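Engineer: coords below, sequence missing:
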């Protein structure tokens with residue numbers, strides 16, 4: 001009986017071991033493929049072609065020709081955040097686990113919230129995964145430190161139609177609220193519909209910011225909100241809010 005038990009334990013252990021090896025191998029292959037895709041996408045910035053929409057900036061025409069759901073490019077100098085941004089309003093969260101070419105990817109692709117319009121919304125919300133290797137929005141949480149903010153005060157988010165520069169207003173931890181739970185939902189705020197709503201948003205930022213940047217919000221400001229997962233609580237989020245300023 002003991003002999004049979006030992007054999008069973010060994011078989012189970014072997015199966016578990018092989019499953020772990022297979023999982024690690026799959027992760028490695030998927031990871032290498034994701035990095036390869038990001039390199040291919042970045043190379044498209046140096047490619048010149050003619051997009052169907054003549055309003056698209058020259059440097060983004062090849063990206064749009066390759067995937068019409070391209071909506072812009074996000075870059076923060078001195079960080080790993082330097083990625084294409086997608087927009088699929090009719091397929092919410094399509095790019096949560098999908099790469100630029102429509103293939104499954106645990107890393108996903110940066111994307112604009114479906115309720116936003118980069119040409120008309122007063123607040124553009126961009127989502128990305130908090131990857132431990134620093135890709136996507138892995139570096140975003142570095143804004144929790146004031147010293148990091150001082151070295152990275154400006155964000156460039158070009159839409160495919162216009163080059164744009166933003167100054168960081170605040171960084172803060174928060175969470176997704178329950179359906180009937182009271183509180184301000186930053187992820188539903190796409191624009192200043194009225195002065196009271198804008199004031200509520202500004203107050204929410206002031207109450208939650210990690211530190212005071214000295215950068216203030218004024219009604220009429222065009223905002224950029226970058227959001228990623230955080231693990232300080234259930235459904236935690238880390239958010240960076242910036243306002244549009246004149247290009248250098």
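Structural biologist: Arrived safely. Bear in mind the structure is a predicted one, so any value in this text is a computation, not a measurement.
Engineer: where do the helices sit along the chain?
Structural biologist: Under the criterion DSSP state H, helices of the chain are mapped to 2-43, 61-66, 146-151, 195-208.
Engineer: Not including adjacent chain positions, what is the nearest residue to the most centrally placed residue in the chain?
Structural biologist: What sits nearest the mean C-alpha location of the chain, by Cα atoms, centre = their mean, is residue 128, with 2.4 Å. Distances taken as Cβ to Cβ, 6 or more residues apart in numbering place residue 137 nearest to residue 128, at 3.5 Å, with adjacent residues excluded. The C-beta positions use only the backbone N, C-alpha and C, and glycine is treated the same way.
Engineer: From residue 91, how far off is the one you found?
Structural biologist: Applying Cβ to Cβ, to the nearest Å, the value for residue 137 to residue 91 is 20 Å.
Engineer: In terms of neighbours, single out the busier of the two.
Structural biologist: The neighbour comparison of residue 137 against residue 91 (other Cβ atoms under 10 Å) goes to residue 137, with 25 against 10.
Engineer: wait, what's in contact with the more buried one?
Structural biologist: Taking Cβ atoms under 8 Å, 6 or more residues apart in numbering, we find residue 137 in contact with 81, 110, 127, 128, 129, 130, 131, 226, 227, 228.
Engineer: and the nearest residue to residue 49 once chain neighbours are set aside, how many neighbours?
Structural biologist: Leaving out its chain neighbours, the residue that sits closest to residue 49 by Cβ to Cβ, 6+ apart is residue 62, at 4.6 Å. Using other Cβ under 10 Å, residue 62 has 20 other residues around it.
Engineer: hang on, isn't residue 62 packed against residue 42?
Structural biologist: No: contact criterion Cβ atoms under 8 Å: residue 62 and residue 42 do not qualify, at 11.2 Å.
Engineer: ok, back up a step: so how far is residue 47 from the residue nearest to residue 49?
Structural biologist: Residue 62 is 4 Å from residue 47, by Cβ to Cβ.
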